[in-house]
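Chemist: Pasting the sequence and the predicted model now:
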Amino acid sequence: MTAILHRQPSQPLPLAVAGDGPYLIDSNNKRYLDASGGAAVSCLGHSHKAVVEAIKAQLDQLPYAHTGFFANQPSEDLAAHLTARAPGDLNKVYFVSGGSEANETAMKLARQYFYEKGEPQRRHFIARRQSYHGNTLGALSIGGNPGRRAVYEPILLPANHVSPCYPYREQPAEESEEAYAQRLADELDAKIRELGPETVIAFVAETVVGATLGAVEPVPGYFRKIREVCDRHGILLILDEIMSGMGRTGCLFACEEDGVAPDLLTCAKGLGAGYQPIGACLLSDRIHDTIVGGSGAFQHGFTYIGHATACAGALEVQRTIEREGLLENVQTQGAKLRQGLEARFGNHPHIGDIRGRGLFLGIELVQDRATKQPFAPAHKLFARIKAKAMEHGLMCYPNGGTRNGQDGDHILLAPPFIIGAQQVQEIQDRLEAAIQDALKEIGAGA
Ligand code: PLP
């Protein structure tokens, strides 16, 4: 018997008892290769000595001091580390305990910025369908995932959604990348005009879409055009890099590759790599100076903002990524894994698309490759693949509703940055076995 309300109360879970690099070990001594970092969290694997030591040292020194009374050195150092590397003028940071809190913070900073500027009529956020920004009510309100929203719909904030940049399904073969990016930028422009530009606060998007679409990167030029639209109307651009940031794509900030700098950028997950719960919202000078030069303080706060031990752990994670050259390893192993997946699944009758950046890769499953028709949602193919993968000692992160929130299945891969050739091979072998077992169960086996 358990006293915990588990995520899936009817499905008993193995008990995790130890970690060994990219592997997790359960109470029966079974080893699981963590090919998804949980949910794109554990970028240094599960037993990184330097990070554990840094956390222990901070606990010995000072575990926590409330930020209403004191500053603390680890949070100052982590903020300096991040802002020195961040794009544009993202020169200030607000540390929270996870991704949803980071996005709530971004939404409130954006709103307060306009309030201080004397534009209190601004109230709308525009985000994209098939996005996920967190489960707190504000973040859920801007998210565009019908499944996660459905139960709470009547109590969510009014939301405005435009199309995601999802070339596999939404860019016709005859449309160029340039034309597709332009069409999406025009759609955002039209939505802003429909709402009234003077009422819009910000456009919010995941730089590379994670859980709801499965590692969907934008077409080249998309975010530059989006940035132009935002600037034209004087609205802010908020990039959610909670999954895709902190090195997962091979750049510390995923938007570096897209050549844009947002006004607010959120990160979490890989920031602390799971060793400590931590998230962050980076903000531009313009937003900081308007608030601090206006009323003088951000009307927000949580008990654990700037937590000393969480920041010390995250600082060592970030220093380790640089010391060990892990961004290069993400690029190298990511390219190898992608090549391996393409060689193995490129002609698979039920795999329609293989995509992503760095060690952030997605595979979309279809019943029919030619028509891109997904499997019937009643099969819950994604859940079967997850279960079969666990039987084969592999953690991956499949999800359903890929096409439109109702049907479609994909698998997200986000292995630790420390993997080598052996794990790249194991991921492919175990994933192939899991996919074949799951397809067989629904009568679609090869
Ligand atoms: N934003 C994105 C893109 C995410 O993937 C997630 C979590 O999966 C969140 C926000 C919410 O983060 P958290 O679960 O830490 O609150």
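Modeler: Yes, it's here.
Chemist: Kindly report the residues of the stretch 201-350 of the chain close to the ligand.
Modeler: Counting by CB under 6 Å from any ligand atom, the positions of the stretch 201-350 of the chain adjacent to the ligand are 206, 210-211, 240, 242-243, 268. In this view, the C-beta of every residue, glycine as well, is placed from N, C-alpha and C.
Chemist: Sort out which one of those lies nearest Gly420 for me.
Modeler: Distances from Gly420 to those, taken as CB to CB, are shortest for Met243 (23.0 Å).
Chemist: how far does stretch 204-211 sit from the chain's center?
Modeler: Average the C-alpha atoms of stretch 204-211, do the same for its chain, and the two points are 6 Å apart (CA atoms, centre = their mean, to the nearest Å).
Chemist: Return the subset of the residues of the stretch 201-350 of the chain next to the ligand lying in strands.
Modeler: When those are checked against strands (DSSP state E), the matches are 206, 240.
Chemist: ok, the residue in the stretch 51-200 of the chain that the ligand sits nearest to - contacts?
Modeler: Ranking the residues of the stretch 51-200 of the chain by distance to the ligand (CB to the nearest ligand atom) places Gly99 first, at 2.1 Å. Shown in contact with Gly99 (CB atoms under 8 Å, 6 or more residues apart in numbering): 133-134, 139, 240, 242-243, 266, 268-269, 279.
Chemist: Report the buried members of the residues of the stretch 201-350 of the chain next to the ligand.
Modeler: Neighbour-count burial (16 or more other CB atoms under 10 Å) is assigned, among those, to 206, 210-211, 240, 242-243, 268.
Chemist: Which one of those is nearest to Leu359?
Modeler: Of all these, Leu359 sits closest to Met243, with 11.7 Å by CB to CB.
Chemist: Settle this for me: the closest one is touching Gly37, isn't it.
Modeler: No - counting by CB atoms under 8 Å, Met243 sits too far from Gly37 to count as a contact (9.5 Å).
Chemist: any shared contact partners between these two?
Modeler: 269, 414.
Chemist: now Leu59, nearest residue through space, not along the chain?
Modeler: On the basis of CB to CB, 6 or more residues apart in numbering, the spatially nearest residue to Leu59 that is not a chain neighbour turns out to be Thr309, at 5.9 Å.
Chemist: I'd assumed the one you found was in a strand, is it?
Modeler: No - the assignment for Thr309 (DSSP: H, G, I helix; E, B strand; the rest coil) gives helix, which keeps it out of a strand.
Chemist: Please tell me I have it right and it contacts Gln58.
Modeler: Yes - counting by CB under 8 Å, a contact exists between Thr309 and Gln58, whose distance comes to 4.9 Å.
Chemist: Which neighbours do these two have in common?
Modeler: Residues within reach of Thr309 and of Gln58 at once, by CB under 8 Å, 6+ apart, are Pro74.
Chemist: Can you check the pLDDT for the residue of the stretch 251-400 of the chain found nearest the ligand?
Modeler: The nearest approach of the stretch 251-400 of the chain to the ligand comes at Ala268, 4.8 Å away (CB to the nearest ligand atom). Model confidence at Ala268, expressed as pLDDT, equals 98.
Chemist: so what's it up against?
Modeler: When the contact criterion is CB under 8 Å, 6+ apart, the partners of Ala268 are 96, 98-99, 102, 242, 278-280.
Chemist: got TSV for the residues you listed, with secondary structure and pLDDT too?
Modeler: Formatted as TSV, the contacts of Ala268 follow (DSSP: H, G, I helix; E, B strand; the rest coil; pLDDT from 0 to 100):
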residue	secondary structure	pLDDT
Val96	strand	98
Gly98	coil	98
Gly99	helix	98
Ala102	helix	98
Ile242	coil	98
Ile278	coil	99
Gly279	strand	99
Ala280	strand	99
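Chemist: How about the contacts made by Thr320?
Modeler: So Thr320 contacts 44, 48, 50-51, 326 (CB under 8 Å, 6+ apart).
Chemist: Try it again at 10 Å.
Modeler: Neighbouring residues of Thr320 by CB atoms under 10 Å, 6 or more residues apart in numbering: 43-44, 48-51, 54, 273, 326, 417-418.
Chemist: Among those, name the ones in strands.
Modeler: Secondary structure defined by DSSP E assigns none of the contacts of Thr320 to strands.
Chemist: Buried ones among these?
Modeler: Buried members of those, counted by 16+ other CB under 10 Å: 43-44, 48, 51, 54, 273, 326, 417-418.
Chemist: What residues sit buried inside stretch 17-33?
Modeler: Buried positions in stretch 17-33, judged by neighbour count with 16+ other CB under 10 Å: 19, 21-26, 32-33.
Chemist: For my notes, please list those residues in JSON lines and give distance to the ligand and pLDDT for each entry.
Modeler: Output for those, formatted as JSON lines (distance: CB to the nearest ligand atom, whole Å; pLDDT from 0 to 100):
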{"residue": "Gly19", "distance to the ligand": "20", "pLDDT": "98"}
{"residue": "Gly21", "distance to the ligand": "23", "pLDDT": "98"}
{"residue": "Pro22", "distance to the ligand": "20", "pLDDT": "98"}
{"residue": "Tyr23", "distance to the ligand": "22", "pLDDT": "98"}
{"residue": "Leu24", "distance to the ligand": "19", "pLDDT": "98"}
{"residue": "Ile25", "distance to the ligand": "24", "pLDDT": "98"}
{"residue": "Asp26", "distance to the ligand": "23", "pLDDT": "98"}
{"residue": "Tyr32", "distance to the ligand": "20", "pLDDT": "98"}
{"residue": "Leu33", "distance to the ligand": "21", "pLDDT": "98"}
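Chemist: Which of those sits closest to Gly68?
Modeler: Gly68 has its nearest neighbour among the buried residues of stretch 17-33 in Gly19, at 34.9 Å by CB to CB.
Chemist: quick one: average confidence on stretch 166-175?
Modeler: The pLDDT scores in stretch 166-175 average 98.
Chemist: Please could you give me each C-alpha atom of it, formatted as CSV?
Modeler: The C-alpha atoms that make up stretch 166-175 are tabulated as CSV, following Å, rounded to 0.1, in the frame of the first residue of the first chain:
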residue,chain,number,x,y,z
TYR,A,166,5.1,21.9,-37.2
PRO,A,167,6.5,21.3,-40.7
TYR,A,168,5.9,17.5,-40.8
ARG,A,169,2.1,18.0,-40.7
GLU,A,170,1.5,21.7,-41.5
GLN,A,171,3.9,22.6,-44.2
PRO,A,172,2.6,21.4,-47.6
ALA,A,173,5.3,19.9,-49.9
GLU,A,174,5.0,22.7,-52.4
GLU,A,175,5.5,25.5,-49.8
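Chemist: so, in contact with the ligand or not, stretch 152-168?
Modeler: No - Stretch 152-168 lies out of reach of the ligand by CB under 6 Å from any ligand atom, never closer than 12.3 Å.
Chemist: Quote the end-to-end distance of that stretch.
Modeler: Stretch 152-168 has its terminal residues 30 Å apart, counting by CA to CA, to the nearest Å.
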